[in-house]
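>>> give me a model of this one.
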Amino acid sequence: MTPLELTLGDVLRRATEHLGRSSETARLDAELLLAHALGRERIELYTDFDRPLNGSELDAYRVLVARRARHEPVAYILGEWGFRRLTLAVDARALIPRPETEIVVERALARLHGLDAPRLLDVGAGTGAIALAIADEHPGVEVTAIDVSVDALALARENAAHTGIPVTLLEHDVRDGLPAGPWDLVVSNPPYVEPGELGTLMPDVRDYEPHLALVGAGLTEAVARGAAATVASGGWLVLEVGDGQAAATAALLEGLGYDDVRSTPDLAGRDRVVEGRRA
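Numbering: from 1, shown residues only. You can find the predicted model right below:
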């Protein structure tokens, strides 16, 4: 190896240092991007630390690292992201599926347990993550997902086609109420960032993810009211909420007549999912 050659380990260290100025997950980011640039699995990097990278490999990696240094989300750079058992296409048409939303799916699956052919409505399809994961993990469920964004719906349709999981995707604005049920379960990760809070978000989110899917004053209440009118007796509503919003959302559900209202924390201990049963 000549003095000018850089090994895989060298570029990982340099990229981690560079990204550390703008990312709290610099090492992970550097590894994911290098694996992508090399067309390899991330775990494979650790068996080849001393291999020199050629010029084209270095150039490709530098482009990816530069994009991440400008706060572009890693998921958008990679063009795909894992969610539960699925790998989904992701881009700026929809929010990136997050670990806390996997808890929403867990709670929805718990409420569907024991039902042979339940009808489920997902409000805010986005990438299709919630709808597709539930359909994948609860055989026999009939899933309909709605979104006001035609771009997000197009992405969700791509993911449905790629995974081969059958779901119905419809353009619909929750402010007009919900599609007629009865639904056994309504699940939603609605836009819950208040308009005045947009400027406080991390640039990765604020500058790249679609504001239509982030900001939505009153949309959580709109979903709750719509579900109250369309969920079958004994059916459930499962909602993802923002940090600090769980108590107010639980009170809203109780005021609308939901029973057995409860909150579930995310991995950081913040109450993230609120659910209630329609009496």
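>>> make it CA atoms for all contacts and neighbour counts henceforth
OK.
>>> where do the strands sit along the stretch 1-150 of the chain?
80-83, 86-89, 119-123, 142-147 (DSSP state E, counting those that start in this stretch).
>>> and the contacts of the longest one?
When contacts are taken as Cα atoms under 8 Å, 6 or more residues apart in numbering, the neighbours of strand 142-147 outside the stretch itself are 117-126, 128, 131, 135, 153, 166-173.
>>> ChimeraX command for the buried members of these?
Burial among the contacts of strand 142-147 is assessed by 16 or more other Cα atoms under 10 Å; the matching ChimeraX selection reads:
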select :118,119,120,121,122,123,124,125,126,128,131,135,153,166,167,169,170,172
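>>> select from the contacts of strand 142-147 every entry located in helices.
Among those, the residues falling in helices (DSSP state H) are 131, 135, 153.
>>> returning to that earlier point: quick one, which of the strands of the stretch 1-150 of the chain is nearest to residue 265?
Closest approach to residue 265 among those is made by strand 80-83 (18.4 Å; Cα to Cα).
>>> so for that closest one, mean pLDDT?
Mean pLDDT, computed over strand 80-83, is 96.
>>> mind listing what's buried in that strand?
The neighbour-count check on strand 80-83 (16+ other Cα under 10 Å) flags 81-83 as buried.
>>> for stretch 97-114, same thing?
So for stretch 97-114, counting by 16+ other Cα under 10 Å, buried means 97, 100-109, 111-112.
>>> any idea how far the spatially closest residue to residue 259 that is not a sequence neighbour lies from residue 37?
The shortest distance from residue 259 to any residue other than its chain neighbours is 5.0 Å, reached at residue 277 (Cα to Cα, 6 or more residues apart in numbering). Separation of residue 277 from residue 37 (Cα to Cα, to the nearest Å) stands at 47 Å.
>>> more neighbours, these two?
The neighbour comparison of residue 277 against residue 37 (other Cα atoms under 10 Å) goes to residue 277, with 24 against 19.
>>> what is that one paired to in the beta sheet?
Judged by DSSP bridges, the bridge partners of residue 277 are residue 236, residue 259.
>>> hmm, back to that, between the buried residues of stretch 97-114, which is closest to residue 57?
residue 97 (29.0 Å).
>>> show me what contacts that closest one?
Each residue near residue 97 by Cα under 8 Å, 6+ apart is listed here: 81-83, 127, 129.
>>> mind checking how far residue 177 is from residue 39?
46 Å.
>>> residue 26 too?
As judged by Cα to Cα, residue 26 and residue 39 stand 20 Å apart.
>>> burial check on residue 17, number of neighbours?
The tally of other residues near residue 17 (other Cα under 10 Å) stands at 14.
>>> CA atoms of the worst-scoring helix or strand of the chain on mean pLDDT as CSV?
Least confident helix or strand of the chain, by mean pLDDT, DSSP states H and E, is helix 211-214 with a mean of 87. Output in CSV follows, covering the C-alpha atoms of helix 211-214 (Å, rounded to 0.1, in the frame of the first residue of the first chain):
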residue,chain,number,x,y,z
HIS,A,211,-43.8,19.8,6.4
LEU,A,212,-47.3,18.6,5.4
ALA,A,213,-46.5,15.4,7.3
LEU,A,214,-44.9,17.2,10.3
